[in-house]
Structure formats: C-alpha cells, structure tokens
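Trainee: Mind looking at a prediction? Sequence and model below.
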Amino acid sequence: MTNSSKHLYVWAIAIQVASKKENFDCILVPSEIVELAIKKQGKVVKVRTAFLLGDFDKLSIKQLQKLALNNGITIARKKNYFIRLLNTLEMDVNLGSLKGSQLKSLITKHKIGALRSKEELVKLLKRKLNTDG
C-alpha cells in the first residue's frame, strides 16, 4: 500500500467513525471509498498532465470543458463567433444587422451548436498554454 493510499484509507476510516457518531448509515465500506478516491485522483492527474504537456486529444469533452472553465475560457460560443461562422454560409445576408431571433433562426438552420466543439476547446487551451507558459 502506497503512502497516499494509506492516507486515503485513514481518511475513509475517519469518515466511517464520524458517520457512526452522527448516527448516519455508511453506504460504502472504507475500502470502496479508497478505491473511488484513487480513481478520482487518477483522473485529476490525467487532466493535469494533459494540460501541462499540451496533450488534450486523450481527454473527453467534459474534461476539456471543465479544464477550459478553470482556465478562464468560456465553453459557450459568442455572437461574433456565430457571425464569423455564418459569414461563410450566408454570404448574401448582412449578419451584423441581424437581431437575436433572426440570428438564432440562422444558427438553427445551419445546425450550429451553442457550445464549443472539442477541436475548438483544444485549440483555445493550447493557445492559453502557449501564452501562459
């Protein structure tokens, strides 16, 4: 048993003892809590390592979204981005003068999602990593 897993095991026992003092039922046994904590710790390490190495392709979209939010990057697309995308699709329309509902109908027509794609998040995170580090 490694040092960190011993620490997690002690923590799990402490939770179990505290739950009995408060008259709560403990659903998980300490060893199950330790396993969950180690899994969680592994996921955190994976995300942190991917960020530091700039290797985002192995991460899921949810992990990328959380990482983006933690680094000040919004996961929702903004109006100017929608206009930039629509300019290539609707060349004959003056998109700058469109009102919200008109813009929304064009976005729906072309099936453009409100949230950034995995590729966009990777690009923005890599840019953030290059400017910060």
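Mentor: Noted; the coordinates are in hand.

Trainee: Ranking helices and strands of this protein by mean pLDDT, which lands last?
Mentor: Ranked by mean pLDDT, DSSP states H and E, the weakest helix or strand in the chain is helix 3-21, scoring a mean of 69.

Trainee: Would you mind identifying the next helix or strand past that one?
Mentor: helix 30-53 (DSSP states H and E).

Trainee: which is the next helix or strand following that next one?
Mentor: Next in line after helix 30-53, if elements are assigned by DSSP H and E, sits helix 61-70.

Trainee: can you pull the buried residues of that next one?
Mentor: Across helix 61-70, burial judged by 16 or more other Cβ atoms under 10 Å covers 63, 64, 65, 67, 68. Any C-beta I mention is one placed from the backbone N, CA and C, and that applies to glycine too.

Trainee: list the contacts for the last one?
Mentor: Put plainly, it is residue 68. Listed by Cβ atoms under 8 Å, 6 or more residues apart in numbering, the contact partners of residue 68 are 74, 75, 116, 121, 124, 125.

Trainee: Just the buried residues of these.
Mentor: 75, 116, 121, 124, 125.

Trainee: Identify, from those, the entry nearest to residue 87.
Mentor: Residue 87 has its nearest neighbour among the buried ones among the contacts of residue 68 in residue 116, at 18.0 Å by Cβ to Cβ.
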